[in-house]
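Asks: here you go, sequence then predicted model.
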Amino acid sequence: MGLYQNYIVPWLTHLSMRQAQLVPYRNRVVSGATGQVLEIGIGSGLNLPFYSQSVTQIVGIDPSPKLLKMAHEATTQSSLPVELMEGTAEAIPIGNANIDTVVTTWTMCSIPNLDRALEEIRRVLRPNGRLLFVEHGLSPEPRVRWWQDRLTPVWTHLSGGCHLNRAIEEVIKRGGFSIEQLDKGYLRGPKIMTFMYEGRARPR
């Protein structure tokens, strides 16, 4: 699975994340970032065009060298300073209280230990910092949840770690955040993978 996970999955991730229907989400979420920004799971850098001039620097972290190479190419089109780091959300290589805004877009589904990652996000955020997010996750419909629960083990194996059934709202709250705004609803496509959670939160 090494070749598949290291080379094929990054390309599949890049292609799936380029969908036009995701652009409005990116625009709303990413454009709200200010100051020193940490993007968790920067991937191939698809969010970079949506950052505003209210941002002083973007630090992007991702565990995939292949995706980081794509992101490096994308930085040449950005007018903002961007630093890329290979690493995981469970061990963010940044000091305490150094970040104004953390951005995650369709990333929480694939973090192995999401509870630990949220602890790390809370640690690096300044006391008045914000977490801006859009994620897919657990559906409110029992029949859809049934399928999400049963398909997740296979889907996780094939998709590079993506979970279909994460209760994003509950996990963020459990991670020590107060949710200030949250919009939920289906995107066009199969319901098992298109229930979206879009919002912002602050550390409690």
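Replies: That came through, no problem.
Asks: the longest helix in the chain is where?
Replies: helix 142-158 (DSSP state H).
Asks: who are the packing partners of it?
Replies: Packed against helix 142-158 by the contact rule (3 or more C-beta pairs under 8 Å, 6 or more residues apart in numbering; DSSP states H and E) you find no helix or strand. Any C-beta I mention is one placed from the backbone N, CA and C, and that applies to glycine too.
Asks: off-centre distance for the host helix or strand of V29?
Replies: Using DSSP states H and E, V29 falls within helix 23-30. In terms of C-alpha atoms, centre = their mean, to the nearest Å, the centre of helix 23-30 is found 12 Å from the chain centre.
Asks: repeat that for stretch 63-80.
Replies: With C-alpha atoms, centre = their mean, you get 16 Å for stretch 63-80.
Asks: mind listing what's buried in that stretch?
Replies: By neighbour count on 16 or more other C-beta atoms under 10 Å, the buried set for stretch 63-80 is P63, S64, K66, L67, L68, M70, A71, A74, T75.
Asks: strands of the protein, start to end?
Replies: Using DSSP state E, the strands assigned to the chain run over residues 35-40, 55-62, 82-86, 99-105, 125-136, 177-186, 195-203.
Asks: mean neighbour count for those - can I get that in TSV?
Replies: Formatted as TSV, the strands of the chain follow (neighbours: other C-beta atoms under 10 Å):
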stretch	mean neighbour count
strand 35-40	23
strand 55-62	21
strand 82-86	16
strand 99-105	24
strand 125-136	20
strand 177-186	13
strand 195-203	20
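Asks: with mean pLDDT added, can I get those in TSV?
Replies: Listed next are the strands of the chain as TSV, based on pLDDT from 0 to 100:
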stretch	mean pLDDT
strand 35-40	98
strand 55-62	97
strand 82-86	97
strand 99-105	98
strand 125-136	97
strand 177-186	98
strand 195-203	98
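Asks: export those to TSV and tack on distance to P24?
Replies: Formatted as TSV, these follow (distance: least, C-beta to C-beta, whole Å):
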stretch	distance to P24
strand 35-40	18
strand 55-62	20
strand 82-86	23
strand 99-105	12
strand 125-136	10
strand 177-186	11
strand 195-203	10
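Asks: nearest to A117, out of those?
Replies: Evaluated over these, closeness to A117 peaks at strand 35-40, with 7.3 Å, by C-beta to C-beta.
Asks: what angle sits between that closest one and strand 82-86?
Replies: Between strand 35-40 and strand 82-86, the angle comes out at 30 degrees (axes from the mean of the first three to the mean of the last three C-alpha atoms, to 10 degrees).
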